[in-house]
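K.L.:
Have a look; sequence and predicted model below, questions after that.
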Amino acid sequence: MVNPPAAPTQHATVDAARTARMLGDARHTTLNGQRARTPPRPVIEESWERALRGGTHPDHDLRTGLLSREEVERRRGTSPLRHVLPVLREGLVSVADAAHHIVVIADDEGRALWREGSAAVLRKADEVGIEVGTDWREDVIGPNGVGTPAVVRRPVQVFAAEHLSRALTAFTCAGAPITDPRDGRLIGVVDVSGPLETMHPATLAWVDSVAKLAEARLRELHMTSLERLRAVAAPILPRLGGQALVVDRDGWTAAVTGMPYVKRIALPKSPSAGRRWLPSLGLCSLEPLAGGWLVRAADEPGPRAATRIVLDLALPRRWSVTVSGCAGSWTHELSPRHAELLYLLALHRTGRSAAGLAEDMFGDPGRTVTVRAEMSRVRRYLGAFLEHRPYRFCEDAEVEVVLPDDPRELLPYSTAPAVAKGRRPVPTS
């Protein structure tokens, strides 16, 4: 007689050992092409079918294809999940630690970027290859709390031997997808894993609620960024004739004039200043703003003027960059590290590689991870005026550096070798 599938939590809360045996028997019969007495739950059965059809092997080594530390840091620096780490940690890590669980946060490609929680469970995870950089895609290791929620786009709990991967059968995972609230695009998955006997029936609902809190925080951050951009647009749009709108870097609209409101426009993958064809608007002119773009119909191009960038390093701890164009000007205060980077780019107008900037800043060309992470942050506010490969200011920008009267006062707290060289007085003849 075949029993109907049931959620293992119904049994595990009473008898974890019996539940483990039941799941193990179902796994064994399934792998041998037989019909289990107690069949897997539909979500698990469908996941097994996808994985086995794709050639996934139960003994796949979880360390295969592990990301390098440098690649993990690069992904951390560019993942939207970095904005909601405090929400995820506050909602999950402390409880997970006390309950003998670990928390795994993976990106949209199923790669584990962060891992925290119970020290004992972390040690057990290390033994089987559950590490930062592990590939959790369902078509690589079968059903799991990261890869399966990413496929079905809903919270999923995978118990012990419901895992196809032999290495994961000692763990029970509860994962929930995190999507971009603006367009529903998957940006990552958060997972809580631990021994079967420590899992509570409410674990999945708990993980899902924290994932939804993270999405709410992303929505809030998006609205805040549009409000800032709206403030930038306020003095600009009234001066313009014709049709124009101000959008963020992803094309979401902050303000419009002379045309109906549209929620979002499609921008080129790598937008740049000048005339561009936009699918929804036709031929337009694009001009960079702080945090976005001014877009206007091509038959209303307005006065053209060269972009001027002024890097002011004259006063200690009061460093700034000011960008001026026909749409107005804006200023951004600089941290010490960003002031160093922009100074070095101003010195090397033809460009500097990540290794070259690392050599200039640290005397060590190998420290490219730090350089790339900082340049990623610089590009959040100055990206429209920077090129990469190599890093450099855009060619059509006029760049001016305002230096202290005394060369010894140039970025006085900096230890960068290239900055120290710039502090040397120029010899007089």
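P.N.:
It's in.

K.L.:
Where does the prediction get shaky in the stretch 251-400 of the chain?
P.N.:
Low-confidence segments of the stretch 251-400 of the chain, defined by pLDDT under 70: 279-280, 299-306, 326-329.

K.L.:
Who is the residue nearest to residue 381 when sequence neighbours are not counted paired with across the strands?
P.N.:
Nearest non-adjacent residue to residue 381, counting by CB to CB, 6 or more residues apart in numbering: residue 332, 5.2 Å away. C-beta here means a position set from N, CA and C on the backbone, and glycine is covered the same way. Beta-bridge pairing of residue 332 under DSSP bridges involves residue 321.

K.L.:
so residue 332 makes contact with residue 321?
P.N.:
Yes. Using CB atoms under 8 Å, residue 332 is in contact with residue 321, at 5.4 Å.

K.L.:
neighbour-wise, which of those two wins?
P.N.:
Shown here are residue 332 and residue 321; by other CB atoms under 10 Å, residue 321 has more neighbours (23 against 16).

K.L.:
Just list the residues touching the more buried one, thanks.
P.N.:
Contact partners of residue 321, counting by CB atoms under 8 Å, 6 or more residues apart in numbering, are 309-312, 331-332, 334, 342, 382.

K.L.:
Which of these sits closest to residue 152?
P.N.:
Residue 152 has its nearest neighbour among these in residue 382, at 39.9 Å by CB to CB.

K.L.:
quick one: that closest one and residue 400, what's the gap?
P.N.:
Using CB to CB, to the nearest Å, residue 382 is found at 15 Å from residue 400.

K.L.:
Next: residue 291.
P.N.:
In this view, residue 291 and residue 400 are 22 Å apart by CB to CB.

K.L.:
burial count for the residue lying closest to residue 56 once chain neighbours are set aside?
P.N.:
Ranked by CB to CB, 6+ apart and with sequence neighbours excluded, the top spatial neighbour of residue 56 is residue 142, at 5.0 Å. For residue 142, the count of nearby residues is 27 (other CB under 10 Å).

K.L.:
Let me see the backbone angles for residue 142.
P.N.:
Phi and psi for residue 142, reported as degrees, to the nearest 10, are phi 80, psi -170.

K.L.:
So it sits against residue 164, correct?
P.N.:
Yes. The pair residue 142 / residue 164 is scored as a contact, 2.8 Å apart, by CB under 8 Å.

K.L.:
wait, what's in contact with residue 69?
P.N.:
Contacts for residue 69 (CB under 8 Å, 6+ apart) come out as 133, 369.

K.L.:
re earlier: and for residue 142 and residue 164, which residues touch both?
P.N.:
Here residue 142 and residue 164 share the contacting residues 48, 51-52, 56, 58, scored by CB under 8 Å, 6+ apart.

K.L.:
Filter the residues you listed down to the ones in helices?
P.N.:
48, 51-52 (DSSP state H).

K.L.:
coming back round to it: higher neighbour count, residue 291 and residue 400?
P.N.:
Taking neighbours as other CB under 10 Å, residue 291 and residue 400 compare with residue 291 leading, 22 against 11.

K.L.:
hey, where'd the strands end up in the stretch 151-300 of the chain?
P.N.:
Assigned by DSSP state E, counting those that start in this stretch, the stretch 151-300 of the chain shows strands spanning 156-158, 172-179, 186-194, 244-248, 253-257, 274-278, 282-289, 292-297.

K.L.:
Would you convert those into JSON lines that also reports mean neighbour count and distance to residue 394?
P.N.:
Formatted as JSON lines, those follow (neighbours: other CB atoms under 10 Å; distance: least, CB to CB, whole Å):
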{"stretch": "strand 156-158", "mean neighbour count": "29", "distance to residue 394": "46"}
{"stretch": "strand 172-179", "mean neighbour count": "26", "distance to residue 394": "33"}
{"stretch": "strand 186-194", "mean neighbour count": "26", "distance to residue 394": "29"}
{"stretch": "strand 244-248", "mean neighbour count": "24", "distance to residue 394": "19"}
{"stretch": "strand 253-257", "mean neighbour count": "19", "distance to residue 394": "23"}
{"stretch": "strand 274-278", "mean neighbour count": "13", "distance to residue 394": "11"}
{"stretch": "strand 282-289", "mean neighbour count": "20", "distance to residue 394": "9"}
{"stretch": "strand 292-297", "mean neighbour count": "24", "distance to residue 394": "14"}
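
K.L.:
Turn the ones you listed into JSON lines, columns for distance to residue 361.
P.N.:
Listed next are the strands of the stretch 151-300 of the chain as JSON lines, based on distance: least, CB to CB, whole Å:
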{"stretch": "strand 156-158", "distance to residue 361": "45"}
{"stretch": "strand 172-179", "distance to residue 361": "34"}
{"stretch": "strand 186-194", "distance to residue 361": "31"}
{"stretch": "strand 244-248", "distance to residue 361": "30"}
{"stretch": "strand 253-257", "distance to residue 361": "35"}
{"stretch": "strand 274-278", "distance to residue 361": "32"}
{"stretch": "strand 282-289", "distance to residue 361": "26"}
{"stretch": "strand 292-297", "distance to residue 361": "29"}
